[in-house]
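A.B. asks: Could you look at this predicted model? Sequence included:
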Amino acid sequence: MKKVIEINNLEFRYPGQSKLLADLSLTLKTGQIHGLLGKNGEGKSTLLKLMSGLLFPMSGKVNALGFEPRKRNPNMLKDIFFLPEEIPESQLSISRFEKIYAPFYPDFSSGEFFQYMNEFTLDLKSNNISELSFGQKKKFYIAFGLATNAKLILMDEPTNGLDIPSKRQFRRMVDSAINERSCIVISTHQVLDLDNLINNIIIMNEHEIIFNESTEEILKKLQFKIAENREMDESVIYSEDTLRGYYQVCENKTGEAGKLDVELLFNAVISDHHRIKDLFRS
């Protein structure tokens, strides 16, 4: 795996505001689908924009694909696709959009674009993109972004506006698009939408990255259980009372690999991240 993103001691704030990101460091590698999780307002969108060069850091260093993003080098831009949360308006038809913008991406595949569009039941001969519904626009830009085969694909809240079947299709499409030369980062506060998709989890809280681990390592260290009663032994790190019982995050003392519950992990890290961090540090 190669490094795609290297961020060191990053600081950023918007004019007239206190620091949004302070002393932030992060490394992302190829062959992985990273889930960037956090509540609204944590700075997830800002971090993606800093990676793509749409915003500039106050201090610290950001390296994307061997380039400094703020310089917007064409050799970097041809291998980055960024899908913002707010969908850009376009008066172009889908086919015209492809004809104009696909040449910017050397590895763009018209065949894959058609396949993704077909899976989303979108018509390539549709009228102006502006006439599509919000959900249809999201599907179109997701399909186009994956078809670029860019080395770095950044998606900000991509499942907003998608219905349940479309979210299922989205997960399947992203999973098929990742390869050993690419890196996909998906930022969301809807953690359930990334179940069984991501293989690395990054959690932000209080404008800091407090957790960054692979799902493989998570399942080595933690187990996710449903208990019938409230009794907790020393292995239990976090517990939630639900109608089905007590959902628990526990230390994995048996070494058996179980199933990851992304939402439960997120809640556990947010509530007691020091104990979890100590567990992974050891």
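C.D. replies: Alright, I've got the coordinates.
A.B. asks: all contacts plus neighbour counts: C-alpha atoms, from now on.
C.D. replies: Noted.
A.B. asks: Quick one: residues contacting N160.
C.D. replies: N160 sits next to G135 when contact means CA atoms under 8 Å, 6 or more residues apart in numbering.
A.B. asks: Give me the pLDDT value at it.
C.D. replies: Among the per-residue scores, N160 holds a pLDDT of 91.
A.B. asks: How about the one 3 residues further on?
C.D. replies: According to the prediction, D163 has pLDDT 91.
A.B. asks: got it, and the one 4 residues further on?
C.D. replies: pLDDT for K167: 93.
A.B. asks: Tell me the spacing between it and D79.
C.D. replies: 25 Å (CA to CA, to the nearest Å).
A.B. asks: is it true that F140 touches M117?
C.D. replies: Yes - between F140 and M117 there is a contact under CA atoms under 8 Å: 6.8 Å.
A.B. asks: quick one: the helices in the chain?
C.D. replies: Using DSSP state H, the helices of the chain run over residues 44-52, 74-77, 94-101, 110-119, 134-147, 164-177, 215-221, 262-281.
A.B. asks: how about the last one: buried residues?
C.D. replies: Of the residues in helix 262-281, those with enough neighbours to count as buried (16 or more other CA atoms under 10 Å) are 262-266, 268-270, 273, 276, 280.
A.B. asks: and if you look at the shortest one?
C.D. replies: By 16+ other CA under 10 Å, the buried positions in helix 74-77 come out as 76-77.
A.B. asks: any idea of the pLDDT on K221?
C.D. replies: Listed pLDDT for K221 reads 93.
A.B. asks: which stretches of the stretch 1-150 of the chain form strands?
C.D. replies: Here the stretch 1-150 of the chain has its strands, by DSSP state E, counting those that start in this stretch, at 3-12, 21-29, 32-37, 59-64, 80-83.
A.B. asks: Next, format those as CSV and append distance to E131.
C.D. replies: Shown next, in CSV, are the strands of the stretch 1-150 of the chain (distance: least, CA to CA, whole Å):
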stretch, distance to E131
strand 3-12, 36
strand 21-29, 37
strand 32-37, 31
strand 59-64, 35
strand 80-83, 19
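A.B. asks: So which of these is the most surrounded?
C.D. replies: The highest average neighbour count among these, using mean count of other CA atoms under 10 Å, belongs to strand 32-37 at a mean of 25.
A.B. asks: So what are the sheet partners of it and their directions?
C.D. replies: strand 183-188 (parallel), strand 200-205 (parallel) (DSSP bridges).
A.B. asks: right, so those: which one is the most enclosed?
C.D. replies: With a mean of 25, the top stretch among the strands paired with strand 32-37 by mean neighbour count (mean count of other CA under 10 Å) is strand 183-188.
A.B. asks: Report the mean per-residue pLDDT for it.
C.D. replies: On average, strand 183-188 scores 96.
A.B. asks: Send me that strand as CSV with only the CA atoms.
C.D. replies: Taking Å, rounded to 0.1, in the frame of the first residue of the first chain, the C-alpha atoms of strand 183-188 are listed here in CSV:
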residue,chain,number,x,y,z
CYS,A,183,-8.1,5.3,-2.0
ILE,A,184,-11.7,6.3,-1.2
VAL,A,185,-12.7,8.6,1.7
ILE,A,186,-16.3,8.8,2.6
SER,A,187,-17.3,11.5,5.2
THR,A,188,-20.6,11.0,6.9
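A.B. asks: I would like the residues contacting it, please.
C.D. replies: With CA under 8 Å, 6+ apart, strand 183-188 has contacts from 4, 28-38, 44-45, 151-158, 178.
A.B. asks: Equivalent analysis for stretch 202-213, please.
C.D. replies: With CA under 8 Å, 6+ apart as the test, stretch 202-213 has contacts from 20-22, 24, 34-39, 42-44, 200-201, 266, 269-270, 273, 277.
A.B. asks: Over to stretch 117-128?
C.D. replies: By CA under 8 Å, 6+ apart, the list of residues contacting stretch 117-128 reads 90-95, 114, 136, 139-140, 143, 166, 169.
A.B. asks: distance between it and the chain's centre?
C.D. replies: Offset of stretch 117-128 from its chain centre (CA atoms, centre = their mean, to the nearest Å): 25 Å.
A.B. asks: Show the average pLDDT along that stretch.
C.D. replies: Averaging pLDDT along stretch 117-128 gives 83.
A.B. asks: so how far does it reach from one end to the other?
C.D. replies: Terminal-residue distance, stretch 117-128 (CA to CA): 15 Å.
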